[in-house]
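Chemist: Using only what follows, build the 3D model:
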Amino acid sequence: MCKSNGKPTEAERVRLEARKWRGAKADDWDKPDIKDAADVLVGDSENTVFASVLTDRNKKLVLTVPVWPRLAPIGRNDKLTVEHIFGTVRETIHTDNYNQSDLADFPLEIELDKHSEAYGDGTHKFQCKVELYNFEENQSGELSLRFDRVAPHEGNIPKKFPAVADVVDANVGAVVLRLPDYPDRSAGDCVYYYWLKEVPDDPTHVKLAGKAEVTAADQVLPVPESFIKEEGDGEFVAIYALTDKAGNISRLSLPASVSVALGAMPANLQAPVVPLAADGLIDRADAMLGVQVHIPEFTNWKPTDEISASWQGAPLGQRAIGEGQTFPLVFSVSQGVLRAAYGTPAEGDKDMLVHYDVLRGGKIRGSEEDTVTVNFEAFGPIDPGPDPDPEWPDPVNPRLPLCNVFGDGSTTPNTLLPEHDGKDARLELLLYAGVQDKDLIEFYWNGEHIVEADYTVKPADQAGDKLTRTIPWAYIQRAGNGTVAVRYEASRPGVPNQAISKPRDVDVTAIVVRPDQPEFQGLQNGWLNCRSLVDPGDPTAPWAVRVNVGDLTQYGLQDGDEVTMKWWILHGALGDTEVTDARFEETITLGVDYPLKGFTWRVEPYDDYILPLFEFDADDHSGRAFCTYEFDDPTSLKRGVHALIVSKHAENDIAMHDANGACPLP
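Modeler: Numbering: from 1, shown residues only. As a prediction, the model looks like this:
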């Protein structure tokens, strides 16, 4: 006999097994078993198979058959038959011949077709029998297995917990849930129960309120006080799931609603406030601005408390107060809600109920309300369509006729030119449809009320009549040049809402700006003479007449803008004969050399622009010197046109001679 490492060879092991069974009794045969039984069977007296093994196609259910006593010798065969009994059905699931040469194959493994109809839920029995080679028969013990794939409550949705009283401070320590009885309640069933804000899609990772073995009908399940307080106030659902010893899990039960409201309840609620109603009325202008409801602070509030507000029954929203909230809490009332609540007929004062509730645990714990007066009545031309007031709540009615403005003596509308400088303008308006006696029409120029143009409609006035009013020059001058809007607003006694026209744009260039005149420097007893040509700041500089120009920022000029300087001389004390050779014009650029805040302009060289006065008349070397400057109006440039602004001219007597004739050269 050969041995390997001191251990019996396979042949030796087979011979040992054969000698063992030769001496065994014929009926000494174990029943079949389940492979890896600890992982497959629950471990109860019924040999219940884990439901997960039955339902998972990746898990196998394997029957093991032990070898029987007095296995046939080599050359002879025993016939093995394995039977499966389920209810009244008995079927053979395995048959084959074996002898001692097959001893190494035992225990035999037979995989059960657990997904076939033959392996439905219930008790399954397995038994083996063998016809020995000597015609005797032997039979094994019987294996019984229980298959259960149906979750408790017969696979249906479990009933919800009976109603639970609102949880408040007084009962928070004694909250219980009562488990409804169910038809297939069995030993080994367990219940898992939850206390949640909402029903979860998957409760696997949801925190449990508790679990317990089901032991009786209508079993009491306590909810720990600490758990309830940790979850806090709100609307909760109490739900549960059942499991059986096979591991089947029921569907989640129907939810039972529970309200939790802990702590002192809200108190000292104040009436809601509508700030825009402080004047006693909500009108269209208020609706245009945006109406709000303010909820004042009350006592015992908690961040998780919720406020629900409404306007004449229309909900404005519901939300939690929140951490760090500053009162008052603000709810906006949409224009749609305002208009719908006002309803039809759309005229006169109407009272609106403003209401709010304080909720804790999903239930109202306090309420307050007040009424405000609303008037959205309108007048003037209406739209012919299904909605006569499509711009609501905008008081601007695009169907109102527009104003037209004319300059003095002009027939061109809405254009005021420089020739209208200093003159009143004429405003014309065709009265609107629906005009009534005592309507007040007020006109506005660039937003300023033209008080003098107010007009109260008379009984004889009719729609389409021309109304003519005057726009005093002072209003035009204050608004300045540019595109100026003119509009009117109509008011009616008893109606708080105005009818406002769209603006008419008027192109104004009528305001002629006349900047301060420049000033000659170095005057000698009121004269420009030879000594005036010397710059005291730099006596060595070439002779020149120095002209001071003041601050130009007041006219809207900026660095880089151009200013044109002009100088000319008239001969003698009287008359208008110009010394044409002395005329000088120069365009300078504002900036470093010529600051916006003021600069000095020099008339030079002397020979070109001053000496010609001396040479003009051999007997009279005196005259009158003039200087002015001009620039484009910046406001007109923005409109793409040019309006020239010319300063007042500086004028001064000038005499350029001494006892010997002309001023001596430096």
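
Chemist: Return the residues in contact with the closest residue to residue 132 other than its chain neighbours.
Modeler: Nearest residue to residue 132 in three dimensions, chain neighbours excluded: residue 78, at 5.2 Å (Cβ to Cβ, 6 or more residues apart in numbering). All C-beta spots, glycine's among them, are computed from the backbone N, C-alpha and C. The contact partners of residue 78, by Cβ atoms under 8 Å, 6 or more residues apart in numbering, come to 68, 71-72, 97-99, 130-133.

Chemist: Make sure residue 154 is indeed in a helix.
Modeler: Yes. Using DSSP: H, G, I helix; E, B strand; the rest coil, the assignment for residue 154 is a helix.

Chemist: Could you find the closest non-adjacent residue to it?
Modeler: Nearest to residue 154 is residue 184, by Cβ to Cβ, 6+ apart, at 5.5 Å.

Chemist: Where do the domain boundaries of the protein fall?
Modeler: With domains defined by automatic domain parsing, the chain comprises 17-147, 153-260, 275-374, 404-508, 519-655.

Chemist: Specify the beta-bridge partners of residue 309.
Modeler: Partner residues in beta bridges with residue 309, using DSSP bridges, are residue 317, residue 356.

Chemist: Burial check on residue 199, number of neighbours?
Modeler: 14 (other Cβ atoms under 10 Å).

Chemist: Residue 404 is in contact with residue 504, correct?
Modeler: Yes. At 6.9 Å, residue 504 counts as touching residue 404 under the criterion of Cβ atoms under 8 Å.

Chemist: If you count surrounding residues, which of the two has more?
Modeler: Set residue 504 next to residue 404 and count neighbours by other Cβ under 10 Å: residue 504 wins out with 19 against 16.

Chemist: Would you mind measuring from the residue in the chain sticking out farthest from the centre to residue 262?
Modeler: Distance from the centre of the chain peaks at residue 134, with 91.7 Å (Cα atoms, centre = their mean). As judged by Cβ to Cβ, to the nearest Å, residue 134 and residue 262 stand 84 Å apart.

Chemist: Please apply the same query to residue 355.
Modeler: With Cβ to Cβ as the criterion, residue 355 and residue 262 are 26 Å apart.

Chemist: try residue 474
Modeler: 70 Å.

Chemist: same deal with residue 388?
Modeler: Distance from residue 388 to residue 262, by Cβ to Cβ: 54 Å.

Chemist: more neighbours, these two?
Modeler: Just comparing residue 388 and residue 262: by other Cβ under 10 Å the higher neighbour count belongs to residue 262, 17 against 13.

Chemist: so the more buried one is in which element?
Modeler: Using DSSP states H and E, residue 262 is not contained in any helix or strand.

Chemist: Tell me the confidence at it?
Modeler: At residue 262, the pLDDT value in this model is 96.

Chemist: again, but for residue 22
Modeler: What the model reports for residue 22 is a pLDDT of 47.

Chemist: How about the contacts made by residue 240?
Modeler: 158, 161, 177, 179, 191-194, 221, 252-253 are the contacts of residue 240 under Cβ under 8 Å, 6+ apart.

Chemist: Strands of the stretch 551-666 of the chain, residue ranges please.
Modeler: For the stretch 551-666 of the chain, the strands defined by DSSP state E, counting those that start in this stretch cover 562-571, 584-589, 599-603, 622-632, 644-646, 650-655.

Chemist: elements contacting the longest one?
Modeler: When contacts are defined as 3 or more Cβ pairs under 8 Å, 6 or more residues apart in numbering; DSSP states H and E, strand 622-632 sits against strand 545-549, strand 562-571, strand 599-603, helix 611-616, strand 644-646, strand 650-655.

Chemist: and the ones you listed as TSV, adding distance to residue 206?
Modeler: Output for these, formatted as TSV (distance: least, Cβ to Cβ, whole Å):
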stretch	distance to residue 206
strand 545-549	84
strand 562-571	79
strand 599-603	83
helix 611-616	106
strand 644-646	81
strand 650-655	93
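
Chemist: ranking these by mean pLDDT, which is last?
Modeler: strand 644-646 - the lowest mean pLDDT of these, at a mean of 79.

Chemist: Among the helices and strands packed on strand 622-632, single out whichever gets nearest to residue 344.
Modeler: strand 644-646 (57.8 Å; Cβ to Cβ).

Chemist: What residues sit buried inside the closest one?
Modeler: The neighbour-count check on strand 644-646 (16 or more other Cβ atoms under 10 Å) flags residue 645 as buried.

Chemist: which stretches of the stretch 401-550 of the chain aren't confidently modelled?
Modeler: Along the stretch 401-550 of the chain, the model assigns pLDDT under 70 to no residue.

Chemist: In the beta-sheet assignment, what are the partners of the residue nearest the centre of the chain?
Modeler: What sits nearest the mean C-alpha location of the chain, by Cα atoms, centre = their mean, is residue 332, with 14.6 Å. Counting by DSSP bridges, residue 332 is bridged to residue 292.

Chemist: pLDDT weak spots in the chain?
Modeler: In the predicted model of the chain, residues 1-27, 635-643, 657-662, 664-666 satisfy pLDDT under 70.

Chemist: got the buried residues for stretch 528-547?
Modeler: Counting neighbours by 16+ other Cβ under 10 Å, one finds that the buried residues in stretch 528-547 are 528-530, 532-535, 543-547.

Chemist: can you list the residues that contact stretch 465-479?
Modeler: 405, 416, 422-431, 441, 443, 445-446, 448, 450, 452-453, 455, 461, 484, 486, 508, 510-511.

Chemist: from the residues you listed, which ones fall inside strands?
Modeler: The strands, defined by DSSP state E, take in 405, 416, 425-430, 441, 443, 445, 448, 455, 484, 486, 508 from the contacts of stretch 465-479.
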